[in-house]
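Engineer: return atomic coordinates for the entry below.
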Amino acid sequence: MTMSRRGALGALAATALAGWAPHVFAQQSWPSRPIRMIVPFPAGSSPDLIARILTDKLAAVLGQPFVIENHPGAGGNIGTGQVAHAAPDGYTLLFTINGPLVTAPTLWRHLNYDPVRQLAPVSLVATSPNVLVVDARLPVRTLQEFVALARSRPGAMNYGSVGNGSAAHLAMEQLKAMAGIDLQHIPYPGFPQVTTAIVGGQVQAGFMVPAIAMPQVQSGKLRVLAVTTTGRTSLLPSVPTVAESGYPGFEAISWQAVLAPAGTPAPIIDRLYRELVAIIGSEDVRAKMRAQYFVPAGTAPASLRQTMATEKARWDKVIHLAHVQPE
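Structural biologist: Now for the predicted structure:
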């Protein structure tokens, strides 16, 4: 007997549902086990500090533990690459800064991931100025005095950063190009190690996030000379900007974001984005972020993708201006 048209359609629908059911069920039941949050910088670094603020809240609202794993190295590229190649099932996420997302493709010849093609934006979390700090034993109290000292010692002074392509690295390369000074770059896994190096005299200066630098400034071990926002920031209102100290147009902002492996189901990305925005908007989280010298953000995935594209174009110009060579 020939199957009726209605029967054929019913069989076809049943087959389709059978094929989709496990996929749909997996999304609806997410999360059903602990979630890894990869931070490609050391414990105690600013990404690590902000990630821990968020994951405590995410664990509460999603009903599953978040396990932070620190995988530092190569300016954040190692941990970022691990997430880019992870299974897109919602159980591996990335919390990182701008460097591995926007400047790494330009500055690393053999990068093993493509941040645009292999990572799915979830949300921009927070932004922060950078501050130029120096060893408090240096005989300088202003940016102008620092530039004069560097000019008197061409190639003899070192600066630290959290890796090639980081905002801290490119900020100093931009200053070097604009001020006509010669400093040697020494990369470290994270800002805590940069701090130790400056305090220990291995390097003399560095652009750093205030969350790590300011406690050492307040203890008298470091001296802050300038901030990298275009105008003075309410986070550090008494600190002059690099721009007002003789270098108009200078800007170098750090930012942090959450991403997932490309191909992570859209309902999972959307749930993460909505929960993150709600958490970032809560008064206690905003207060904790500001205490770490971060301005809370919280944006849609499409907005983060646009930020990545805009920032890449801007930093590519800086890389060209400063003649920074790929590694």
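
Engineer: low pLDDT regions in the stretch 1-150 of the chain?
Structural biologist: Where the stretch 1-150 of the chain drops to pLDDT under 70, the residues are 1-28.

Engineer: which residues touch the strand or helix carrying residue 173?
Structural biologist: For residue 173, the host element (DSSP states H and E) is helix 167-179. If you take CB atoms under 8 Å, 6 or more residues apart in numbering as the criterion, helix 167-179 is touched by 75, 97-99, 103, 130, 132, 147, 150, 159-163, 181-183, 185, 187, 191, 194, 205-208, 228, 242, 246-247, 250, 252-254, 315, 318-319, 321-324. Backbone N, C-alpha and C define where each C-beta goes, glycine included.

Engineer: next helix or strand past that helix?
Structural biologist: strand 183-187.

Engineer: ok now that next one, how far from the chain's centre?
Structural biologist: Distance of strand 183-187 from the chain centroid (CA atoms, centre = their mean, to the nearest Å) equals 21 Å.

Engineer: what of stretch 109-121?
Structural biologist: 14 Å.

Engineer: relative to helix 167-179, how tilted is the strand ranked longest in the chain?
Structural biologist: Secondary structure of the chain per DSSP state E: the longest strand is strand 119-129. Interaxial angle, strand 119-129 versus helix 167-179 (axes from the mean of the first three to the mean of the last three CA atoms, to 10 degrees): 60 degrees.

Engineer: mind listing what the helix or strand following strand 119-129 pairs with, with the direction of each?
Structural biologist: The helix or strand immediately downstream of strand 119-129 is strand 131-135, counting by DSSP H and E. Here strand 131-135 has these sheet partners by DSSP bridges: strand 205-208 (antiparallel), strand 222-227 (antiparallel).

Engineer: who's in contact with the last one?
Structural biologist: Around strand 222-227, the neighbours that count as contacts under CB under 8 Å, 6+ apart are 129-136, 138, 140-143, 146, 195, 198-199, 213-214, 216-217, 233, 236, 239-242, 245.

Engineer: those in helices, which ones?
Structural biologist: Of those, the ones assigned to helices by DSSP state H are 143, 146, 195, 198, 199, 213, 214, 216, 217.

Engineer: about what we covered before: just the buried residues from the contacts of strand 222-227, in ChimeraX please.
Structural biologist: Buried residues within the contacts of strand 222-227, by 16 or more other CB atoms under 10 Å, are selected in ChimeraX with:
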select :129,130,131,132,133,134,135,136,138,140,143,146,195,198,199,213,214,216,217,233,236,239,240,241,242,245
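
Engineer: okay, the longest strand of the chain in PDB with CA atoms only?
Structural biologist: Provided in PDB are the C-alpha atoms of strand 119-129 (Å, rounded to 0.1, in the frame of the first residue of the first chain):
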ATOM      1  CA  LEU A 119      35.900  32.600  19.000                       C
ATOM      2  CA  ALA A 120      32.300  33.700  19.600                       C
ATOM      3  CA  PRO A 121      31.900  37.000  21.500                       C
ATOM      4  CA  VAL A 122      29.700  36.900  24.600                       C
ATOM      5  CA  SER A 123      30.100  40.300  26.300                       C
ATOM      6  CA  LEU A 124      32.500  43.200  27.000                       C
ATOM      7  CA  VAL A 125      32.900  43.100  30.700                       C
ATOM      8  CA  ALA A 126      34.900  46.200  31.800                       C
ATOM      9  CA  THR A 127      37.400  48.800  30.700                       C
ATOM     10  CA  SER A 128      40.400  50.300  32.500                       C
ATOM     11  CA  PRO A 129      43.000  53.000  31.900                       C
END
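
Engineer: what packs against it?
Structural biologist: Here strand 119-129 touches helix 46-62, helix 77-84, strand 92-97, helix 210-218, strand 253-261, helix 266-281, strand 295-296, helix 301-322, going by 3 or more CB pairs under 8 Å, 6 or more residues apart in numbering; DSSP states H and E.
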